[in-house]
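>>> okay, predicted coordinates and the sequence, questions at the end:
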Amino acid sequence: SAVISQKPSRDICQRGTSLTIQCQVDSQVTMMFWYRQQPGQSLTLIATANQGSEATYESGFVIDKFPISRPNLTFSTLTVSNMSPEDSSIYLCSVGINEQFFGPGTRLTVL
Amino acid sequence: GENVEQHPSTLSVQEGDSAVIKCTYSDSASNYFPWYKQELGKRPQLIIDIRSNVGEKKDQRIAVTLNKTAKHFSLHITETQPEDSAVYFCAASKRRDDKIIFGKGTRLHILP
């Protein structure tokens, strides 16, 4: 199993600003994933973060808007840049070991 | 890329009855099909999964079936209980440690 923590757990931000979300896992993993879950919706994959290489983004998501860092095998950050109210969502990181484990999520509200 | 369709979006069943949720996927390279339960305000929790070399898997009141030829898979919950009320997501992936593509979810209501 894996224990995943995220910081912050929630934040309220002004439009035009940026927020960096941290994800820490208690074991070394090759791939970490970032998802977005808008209110009442399903989880949408933003990108896959591999250590030592650039993240791989899904259709509709770009690096300029969602830059990702993966400095080591237990940590990753996702930045939501130049935020608008449409970015209000829960952002979750996950890791795959024998199954996918999800972090508790970061609830972002953009005013 | 992979696309996962899930039906119904909402399902209400009497307590004690069975619930069935159906999904289809598009990518024939998908080999791993997990099901998640998400309660309000909580992260998704894996409840059961199935690999493409297996047609059916059961865990107590929960079972999953897979028809790889038709690219269909289904979740069956028997003897439903109030605590089964939640949102259920089907998903597809190439491997257990790979990215997961989710269906849109089914909100299950268990009626007393």
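Sure thing, it's come through. Residues are numbered from 1 along each chain as shown, chains lettered A, B, ... in the order given.

>>> only C-alpha atoms for contact and neighbour calcs from this point on.
Will do.

>>> in chain B, what residue is nearest chain A?
Closest residue of chain B to chain A, Cα to the nearest Cα: residue B:97 (3.8 Å).

>>> now that residue, nearest residue through space, not along the chain?
Excluding its sequence neighbours, the residue lying closest to residue B:97 (Cα to Cα, 6 or more residues apart in numbering or on different chains) is residue A:96, at 3.8 Å.

>>> and if you look at residue A:111?
Residue A:111's closest residue in space is residue A:14 (Cα to Cα, 6+ apart), at 5.1 Å.

>>> residue B:3 versus that neighbour, what's the distance?
34 Å (Cα to Cα, to the nearest Å).

>>> at the contact with chain A, which residues of chain B appear?
Taking Cα under 8 Å from any Cα of the partner chain as the contact definition, chain B meets chain A at B:42-46, B:89, B:96-105.

>>> of those residues, closest to residue A:42?
residue B:104 (5.0 Å; Cα to Cα).

>>> quick one: contacts for the closest one?
Residue B:104 is in contact with A:41, A:42, A:43, B:4, B:5, B:6, B:9, B:89, counting by Cα atoms under 8 Å, 6 or more residues apart in numbering or on different chains.

>>> and the first one, how far from residue A:89?
Spelled out, that is residue A:41. 10 Å.

>>> neighbour count winner among these two?
The residue with more neighbours, out of residue A:41 and residue A:89, is residue A:89; 19 against 12, by other Cα atoms under 10 Å in any protein chain shown.

>>> burial of the closest residue to that one other than its chain neighbours, as a residue count?
Among residues not flanking residue A:89 along the chain, residue A:38 sits closest, at 4.5 Å (Cα to Cα, 6+ apart). A total of 17 residues lie near residue A:38 under the criterion other Cα under 10 Å.

>>> repeat that for residue B:2.
16.

>>> now do stretch A:36-45: distance to the chain's middle.
12 Å (Cα atoms, centre = their mean, to the nearest Å).

>>> apologies, that question was intended for stretch A:50-64.
11 Å.

>>> could you give me the buried positions within it?
A:50, A:51, A:55, A:56, A:57, A:63 (16 or more other Cα atoms under 10 Å in any protein chain shown).

>>> what about the strands in chain A?
Along chain A, the segments classed as strands by DSSP state E run A:4-7, A:10-13, A:19-25, A:31-37, A:43-50, A:56-57, A:68-72, A:75-80, A:89-96, A:100-102, A:106-110.

>>> can I get the ones you listed in JSON lines including mean pLDDT?
What follows is the strands of chain A, written out as JSON lines (pLDDT from 0 to 100):
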{"stretch": "strand A:4-7", "mean pLDDT": "97"}
{"stretch": "strand A:10-13", "mean pLDDT": "98"}
{"stretch": "strand A:19-25", "mean pLDDT": "98"}
{"stretch": "strand A:31-37", "mean pLDDT": "96"}
{"stretch": "strand A:43-50", "mean pLDDT": "96"}
{"stretch": "strand A:56-57", "mean pLDDT": "96"}
{"stretch": "strand A:68-72", "mean pLDDT": "94"}
{"stretch": "strand A:75-80", "mean pLDDT": "97"}
{"stretch": "strand A:89-96", "mean pLDDT": "96"}
{"stretch": "strand A:100-102", "mean pLDDT": "92"}
{"stretch": "strand A:106-110", "mean pLDDT": "97"}
